[in-house]
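K.L.:
dropping a prediction and its sequence here:
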Amino acid sequence: MSTENAIVSTLPAGVVTHQSRGLLVRMFADPHLLEPAERGDLVAQLRQAVEEHPEVSELRVLLGMAMCVNFEVQPAIEELRTAVQLAPQSFIAQLKMGELWMRLRVIDKAEEHTKRAGLLARNGAQSELARRQAATLRTIRQQGIERGGYRNLLSLGRLRRLFTPKRGVPALANFFTRGA
């Protein structure tokens with residue numbers, strides 16, 4: 001059983017509808033299988049469940065994941081942040097918060113949450129998920145494709161990288177000077 005399916009199975013009875021469970025299973029299998037209307041329905045159903053049970057951290061994790069699939073990034077960040085605040089010892093809340101930051105290329109925050117998830121892992125499968133995510137984060141950092149957060153978007157180092165050619169890739173400066 002996957003970690004995501006385990007979340008659904010640990011929810012109190014009646015919290016998630018049969019239809020929502022079906023959509024969640026499809027989302028866990030492959031998020032691209034859900035049509036835009038189905039993604040919207042899933043988010044709406046999970047929002048309703050969170051309104052009825054605001055203290056259930058796992059519901060907020062599911063809502064945050066569904067929002068990510070529905071391209072609602074800022075609300076997803078808020079839901080996952082609340083899930084982590086409600087249950088700081090939750091492996092899945094920490095892992096999914098780290099995953100979202102990883103996808104947004106905010107590596108410092110992603111590493112922090114992924115490390116916490118690794119420390120909270122209770123079995124080999126959870127440890128492996130955290131280990132793989134941490135390995136991906138190391139690769140992202142080594143390749144220099146992180147965003148580094150929102151502190152200083154126009155730092156000199158970042159501007160220099162934009163205008164310095166890499167092997168086989170024309171610099172951004174060259175792009176602007178080429179004839180159109």
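P.N.:
That came in fine, so what should we check first? Residues are numbered from 1 along each chain as shown.

K.L.:
settle this for me: residue 137 is touching residue 111, isn't it.
P.N.:
Yes - contact status for residue 137 versus residue 111: in contact at 5.4 Å, counting by Cβ atoms under 8 Å. Just so you know, the C-beta spots here come from the backbone N, C-alpha and C atoms, and that holds for glycine as well.

K.L.:
pLDDT averaged over the longest helix seen in the chain, what's the number?
P.N.:
Identified as the longest helix of the chain according to DSSP state H is helix 124-143. Across helix 124-143, the average pLDDT comes to 95.

K.L.:
could you dump it to CSV, C-alpha only?
P.N.:
What follows is helix 124-143, C-alpha atoms only, in CSV (Å, rounded to 0.1, in the frame of the first residue of the first chain):
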residue,chain,number,x,y,z
GLY,A,124,11.5,1.0,5.3
ALA,A,125,9.1,2.3,2.7
GLN,A,126,8.9,5.7,4.4
SER,A,127,12.6,5.8,4.8
GLU,A,128,13.1,5.0,1.1
LEU,A,129,10.7,7.8,0.1
ALA,A,130,12.6,10.3,2.2
ARG,A,131,15.9,9.1,1.0
ARG,A,132,14.9,9.3,-2.7
GLN,A,133,13.6,12.8,-2.2
ALA,A,134,16.8,13.9,-0.4
ALA,A,135,18.8,12.4,-3.3
THR,A,136,16.8,14.4,-5.8
LEU,A,137,17.4,17.5,-3.8
ARG,A,138,21.1,16.9,-3.7
THR,A,139,21.1,16.5,-7.5
ILE,A,140,19.1,19.7,-8.0
ARG,A,141,21.6,21.6,-5.7
GLN,A,142,24.6,20.1,-7.6
GLN,A,143,23.1,21.1,-11.0
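
K.L.:
sweet, I'm off.
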